[in-house]
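In: quick one, what's the 3D model for this:
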Amino acid sequence: MRRVGILGLALAMSFVGEAAAQVPAPPPPSSAPTVATSPLDNYAAAAATTIIAEQACPGVQVRAGQLTTLRLAARVNAGQEAMLEEKLRTRATQVRQQLAADGREAWCSAALAAFGPDGTVAKGVLATGARIR
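Out: Just a heads-up that it's a prediction; the model follows:
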């Protein structure tokens, strides 16, 4: 059975704000009990995944406006910046480890399925093809 780890994205959705904007929840580690995650954790997982997808997956670009929408939905405020930076570093390390474990082709496919035009977690954060301006 193929493992898709961070992108075994039957991720729980976190609804934030009046518009109920979607911010993906990171999956729990396989050996840890399921715990509630915060919108900040969810945003860090989405940001790390999509930014690394842009670097690792040929022809994939992050749509910055869509990523900003996720950040706004998570209601990241100035007082949380230091905490967010730490969460982003931690999540990026986890995402890179998962990319190495799954292999680029499988991982990129899962990232696009979760964050691409028809994304199951957040639609349109990742795009393929022509450069986005």
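
In: where along this structure do the helices fall?
Out: Assigned by DSSP state H, the helices in the chain fall at 39-56, 64-73, 81-102, 104-115.

In: got TSV for the ones you listed, with distance to V125 and mean pLDDT too?
Out: Using the backbone N, CA and C atoms, a C-beta is placed for each residue, glycine as well. Output for the helices of the chain, formatted as TSV (distance: least, CB to CB, whole Å; pLDDT from 0 to 100):
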stretch	distance to V125	mean pLDDT
helix 39-56	5	93
helix 64-73	4	90
helix 81-102	14	94
helix 104-115	4	94
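
In: what's the most buried one of those?
Out: Across the helices of the chain, averaging neighbours per residue (mean count of other CB atoms under 10 Å) puts helix 39-56 on top, at a mean of 23.

In: list the helices and strands that helix packs on?
Out: When contacts are defined as 3 or more CB pairs under 8 Å, 6 or more residues apart in numbering; DSSP states H and E, helix 39-56 sits against strand 13-16, strand 21-24, strand 60-62, helix 64-73, helix 81-102, helix 104-115, strand 126-128.

In: now for the longest one, which elements pack on it?
Out: The helices and strands touching helix 81-102, judged by 3+ CB pairs under 8 Å, 6+ apart, are helix 39-56, helix 104-115.

In: who wins for proximity to Q80 among these?
Out: helix 39-56 (6.1 Å; CB to CB).
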